[in-house]
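Participant: using only what follows, build the 3D model:
(chains A and B)
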Amino acid sequence: DGGITQSPKYLFRKEGQNVTLSCEQNLNHDAMYWYRQDPGQGLRLIYYSQIVNDFQKGDIAEGYSVSREKKESFPLTVTSAQKNPTAFYLCASIRGDSGANVLTFGAGSRLTVL
Amino acid sequence: SQQGEEDPQALSIQEGENATMNCSYKTSINNLQWYRQNSGRGLVHLILIRSNEREKHSGRLRVTLDTSKKSSSLLITASRAADTASYFCATVYNQGGKLIFGQGTELSVKP
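Facilitator: Numbering: from 1, shown residues only, chains lettered A, B, ... in the order given. Reported below is the predicted structural model:
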């Protein structure tokens, strides 16, 4: 089945550590996105990539980094510079020629800083 | 902020009743979408309505769009306990643009 796989589902981090969240898709979608969701809140865009080897900052990029070396993969690194990293992180993708920007989401990764 | 606003923030109803959620936005849009999120899961796309459409149906879902009032509503008819989830509207402000999400309505359907 085609879809988006995020791992790990749960991750615990000590303060000062960098962590990387994985996002893999087999939908052959061109664009990929990372969102952050806090309790009772909507989604805020962290980074997005419309083609391989290119990505743009979203609304809350500070303290995060990404790479897009392959079409299928868009990992997100939460660095120690992110002051409040505890959140639910969602990866999503869009087919490039869809025209309608309908997102397909992964199941999410929940990061907790101890 | 261009972010849509949804109301109510929370809604609790009995099975069989209809549920209505509203979304307002601030500037002209290309399209508006509704997504559903079960607790602790990713979002699932439900329905998209374009700026030149006024109403759309999909199964028990009915979406309306009033561009003059910059608002949309999602109606779930004959609700079921399985409809319990958070519902988000998302707006696209130009062709190929980013989606801007509202803060969601948490729906609880009691059996």
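Participant: near chain A, which residues of chain B are found?
Facilitator: Residues of chain B that fall close to chain A, judged by C-beta under 8 Å from any C-beta of the partner chain: B:3, B:9, B:31, B:33, B:35, B:40-45, B:48, B:88, B:90, B:92, B:95-99, B:101-104, B:106. Where C-beta positions appear, they are placed from N, C-alpha and C, glycine not excepted.
Participant: just the buried ones out of the residues you listed, please.
Facilitator: Applying 16 or more other C-beta atoms under 10 Å in any protein chain shown to the residues of chain B next to chain A, the neighbour count classes B:3, B:31, B:33, B:35, B:41-43, B:45, B:48, B:88, B:90, B:92, B:98-99, B:101-104, B:106 as buried.
Participant: which residue sits closest to the closest residue to chain B within chain A, ignoring its sequence neighbours?
Facilitator: Residue nearest to chain B within chain A (C-beta to the nearest C-beta): A:Phe105, separated by 3.5 Å. Distances taken as C-beta to C-beta, 6 or more residues apart in numbering or on different chains put B:Gly42 closest to A:Phe105, at 3.5 Å, once the chain neighbours are dropped.
Participant: contacts only, for the one you found.
Facilitator: Going by C-beta atoms under 8 Å, 6 or more residues apart in numbering or on different chains, B:Gly42 touches A:4, A:6, A:90, A:92, A:105-108.
Participant: which of these sit farthest apart?
Facilitator: Distance extremes for those: the farthest pair is A:Ala92 and A:Ala107 at 11.2 Å, using C-beta to C-beta.
Participant: tell me which of the two has more neighbours.
Facilitator: The residue with more neighbours, out of A:Ala92 and A:Ala107, is A:Ala92; 27 against 16, by other C-beta atoms under 10 Å in any protein chain shown.
Participant: and the pLDDT for the more buried one?
Facilitator: Note for A:Ala92: predicted pLDDT of 95.
Participant: same check on B:Gln103?
Facilitator: 91.
Participant: name the nearest residue to it, ignoring sequence neighbours.
Facilitator: In space, B:Gln103 is closest to A:Gly42, 4.2 Å off (C-beta to C-beta, 6+ apart).
Participant: now swap in A:Thr79 and tell me
Facilitator: Going by C-beta to C-beta, 6+ apart, A:Thr79 has A:Asn18 as its nearest residue, at 5.0 Å.
Participant: and the one you found, what does it touch?
Facilitator: A:77-80.
Participant: which of the residues of chain B next to chain A fall within strands?
Facilitator: Assigned to strands by DSSP state E, the following of the residues of chain B next to chain A qualify: B:31, B:33, B:35, B:43-45, B:48, B:88, B:90, B:92, B:99, B:101, B:106.
Participant: and which of those is nearest A:Val52?
Facilitator: Looking across those and measuring by C-beta to C-beta, the closest to A:Val52 is B:Leu99, at 21.5 Å.
Participant: doesn't A:Asn101 make contact with that closest one?
Facilitator: Yes: B:Leu99 lies in contact with A:Asn101 (C-beta atoms under 8 Å); the separation is 5.9 Å.
Participant: pLDDT weak spots in chain B?
Facilitator: Scanning chain B for pLDDT under 70 picks out B:1-4, B:94-97.
Participant: which residue does it bring closest to chain A?
Facilitator: Closest point on chain B to chain A, by C-beta to the nearest C-beta, is B:Gly42, at 3.5 Å.
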